[in-house]
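Colleague: this one's structure only:
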């Protein structure tokens, strides 16, 4: 197809990316320490596995459509809502009409479909749905999962991306809201 692989970046760019990612994730981790752990049986946390991937996109590819705030935040909202609604159908505590193993595949797939249709593609968001549907430890959070950890940690990373990416020359983040 004639396409060449992506070349490595200069060390100065790499340092900005690594520093930005570290600062963003450190901010999330630091605030996470302030959340009272006895709340919701110790399950309330800002640490979501997909946030490492979010930081990668926000700091290594800030001009990508995937990195724009509307995509990052919108896709995470869609993913959380989708996962929680599917849990109502697959969890034996509720309806239990959909096998759990099907819900685990269906959730991220629905997220990909909806975000594609709406122009809000952000790949790490599909992982948010997978985490909720496959890890029993987060299910007691229910609708709180949408607010904290997902929405709060995602907004925190976007704020850090706004601050750090705009300190770099030749980068204007975001491209659009």
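Modeller: On my side now, so go ahead. These figures come from a predicted structure and were not determined experimentally.

Colleague: Longest helix of this structure, counting residues only.
Modeller: Using DSSP state H, we find that the single longest helix of the chain is helix 11-34.

Colleague: So what touches the helix or strand following it?
Modeller: Beyond helix 11-34 in the direction of the C-terminus, DSSP states H and E gives the next helix or strand as helix 51-60. The set of residues external to helix 51-60 that reach it, using C-beta atoms under 8 Å, 6 or more residues apart in numbering, is 16-17, 20-21, 24-25, 28, 64, 66-67, 72, 122-124, 127, 153-154, 157-158, 160-161, 164-165. C-beta: built from backbone N, CA, C; applies to glycine.

Colleague: Could you pull out the strands in the protein for me?
Modeller: Under the criterion DSSP state E, strands are not mapped anywhere in the chain.

Colleague: Could you count how many residues lie near residue 137?
Modeller: Neighbourhood size, residue 137 [other C-beta atoms under 10 Å]: 11.

Colleague: Need phi/psi at it.
Modeller: As for residue 137, its main-chain torsions (degrees, to the nearest 10) stand at phi -70, psi -30.

Colleague: Who are the packing partners of the longest helix of the chain?
Modeller: Using 3 or more C-beta pairs under 8 Å, 6 or more residues apart in numbering; DSSP states H and E as the contact test, the elements touching helix 11-34 are helix 51-60, helix 152-165.

Colleague: Buried residues, the first one. List them.
Modeller: Translated: helix 51-60. Of the residues in helix 51-60, those buried by neighbour count under the rule 16 or more other C-beta atoms under 10 Å are 51, 53-55, 57-60.

Colleague: quick check: angle from it to helix 11-34?
Modeller: Compare the direction of helix 51-60 with that of helix 11-34 by axes from the mean of the first three to the mean of the last three C-alpha atoms, to 10 degrees and you get 140 degrees.
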